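A.B. asks: here is my input; please provide its structure:
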Amino acid sequence: MEVLAILSGVGHLPVEVALSAKSLGYKVVAVGLVPGIDEELPSSVDIYYDINVGKVGKIISTLKKNNVTKVTMIGKVTKEVLYKIGAIVPDLTAIKILASLPDRKDDTIMNAIVAEIEANGMEVMDQTLLIKPLLPKPGVLTKRKPTEAELADMDFGFEMAKAIGGLDIGQTVVVKNQAVMAVEAIEGTDACILRGGYLGKGGVIVAKTAKPNQDQRFDIPGFGTKTVESMIHAGATGIIIEAGGALIVEREKTIALAEKHNITILVK
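C.D. replies: Now for the predicted structure:
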């Protein structure tokens, strides 16, 4: 039996991956990297560990001990964790990796971690390989279609999100009247949405896209009920996401919650 490891951040996506992998015959080992891991994950896998994201050497040795051959990294681990005092105590492997980096961009850090894992004989998989059905096709997913004004903001926001993605800053922007209210950076999607809603005084549009040269092994954008909840608090009226470039978690619940609050969802 082939052994797959899930390096898990927060959110429900790791559970979806675990269930899919087990249905395909994998033995599944999961490592929770940060506090707040979905409570369903430990019972959805064969073996579960909590290991701080800074303990890269311990993570790799644990995977090797369990004869892991494939690894997928899924779930949210915001860069904010890197700067929170006491949240990460890096081990020697992590220190060596960080010391070798030319900068601290998301892709730079993630590519270095992927290289370290693969140097130890394990393949880091495409994040979407086991959960292709979560990638939506183009179209409006809600009963309410965007208004003409919302469509204009969605097109503008999509272009802006692609631009910041190309700079490896973030993947989400909040816009209103074709002006940028907020850009996602270290704080993550939800904080960006709340800030954008506050600055725009409601009536804002959220745009969330993959990076222009998205590495499918990590950082695929996700959209689910938690994002919708942030949009509700921000007074957002719609969101545009990228077809084939963003995962919808708990699709039926997510769409139902959006419809309940008159939020329109467009997949482009």
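
A.B. asks: pretty sure Val31 is touching Leu4, no?
C.D. replies: No. Between Val31 and Leu4 there is no contact under Cβ atoms under 8 Å: 11.7 Å. Glycine gets a C-beta too; all of them are placed from N, C-alpha and C.

A.B. asks: list the buried ones in stretch 233-247?
C.D. replies: Using 16 or more other Cβ atoms under 10 Å as the burial criterion, the residues of stretch 233-247 that qualify are Ala234, Gly235, Ala236, Thr237, Gly238, Ile239, Ile240, Ile241, Glu242, Gly245, Ala246, Leu247.

A.B. asks: now the end-to-end length of that stretch.
C.D. replies: Distance across stretch 233-247, first residue to last, is 22 Å (Cα to Cα, to the nearest Å).

A.B. asks: so for that stretch, mean pLDDT?
C.D. replies: pLDDT averaged over stretch 233-247 equals 94, rounded to a whole number.

A.B. asks: just give me how far that stretch sits from the chain centre.
C.D. replies: On the basis of Cα atoms, centre = their mean, to the nearest Å, stretch 233-247 sits 13 Å off its chain's mean C-alpha point.

A.B. asks: can you give me the strands for this structure?
C.D. replies: With DSSP state E applied, the chain shows strands at 3-8, 27-32, 47-50, 70-74, 123-124, 139-140, 172-176, 179-183, 205-208, 222-223, 238-241, 247-248, 264-267, listed in chain order.

A.B. asks: just put these in CSV and tack on distance to Gly197.
C.D. replies: Written out in CSV, the entries for the strands of the chain read as follows (distance: least, Cβ to Cβ, whole Å):
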stretch, distance to Gly197
strand 3-8, 29
strand 27-32, 31
strand 47-50, 34
strand 70-74, 27
strand 123-124, 36
strand 139-140, 22
strand 172-176, 7
strand 179-183, 8
strand 205-208, 9
strand 222-223, 16
strand 238-241, 12
strand 247-248, 21
strand 264-267, 16
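
A.B. asks: just name the most buried of the ones you listed.
C.D. replies: Burial of the strands of the chain is given as mean neighbour count (mean count of other Cβ atoms under 10 Å); strand 205-208 ranks first at a mean of 30.

A.B. asks: quick check: longest helix of the chain.
C.D. replies: With DSSP state H setting the assignment, residue counts place helix 148-166 as the longest helix in the chain.

A.B. asks: closest to Thr189 out of the strands of the chain?
C.D. replies: Checking the strands of the chain against Thr189 by Cβ to Cβ gives strand 172-176 as the closest, at 4.8 Å.

A.B. asks: CA atoms of the closest one as PDB?
C.D. replies: Below are the C-alpha coordinates for strand 172-176, written out as PDB (Å, rounded to 0.1, in the frame of the first residue of the first chain):
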ATOM      1  CA  THR A 172      -7.000  38.300  -3.100                       C
ATOM      2  CA  VAL A 173      -8.100  41.900  -3.600                       C
ATOM      3  CA  VAL A 174     -11.200  43.800  -2.600                       C
ATOM      4  CA  VAL A 175     -12.500  46.500  -4.900                       C
ATOM      5  CA  LYS A 176     -15.400  49.000  -5.300                       C
END
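
A.B. asks: which outside residues touch it?
C.D. replies: Residues outside strand 172-176 that contact it (Cβ atoms under 8 Å, 6 or more residues apart in numbering) are 153, 156-157, 160-161, 164, 180-184, 189, 192-193, 195-197, 200, 203-208, 221, 234, 236.

A.B. asks: buried sites along the longest helix of the chain?
C.D. replies: Of the residues in helix 148-166, those buried (16+ other Cβ under 10 Å) are 150-151, 153-158, 160-162, 164-165.

A.B. asks: of these, closest to Lys260?
C.D. replies: When those are compared for distance to Lys260 (Cβ to Cβ), Glu150 comes out closest, at 17.9 Å.

A.B. asks: and the pLDDT at that closest one?
C.D. replies: Glu150 is assigned 98 on the pLDDT scale.
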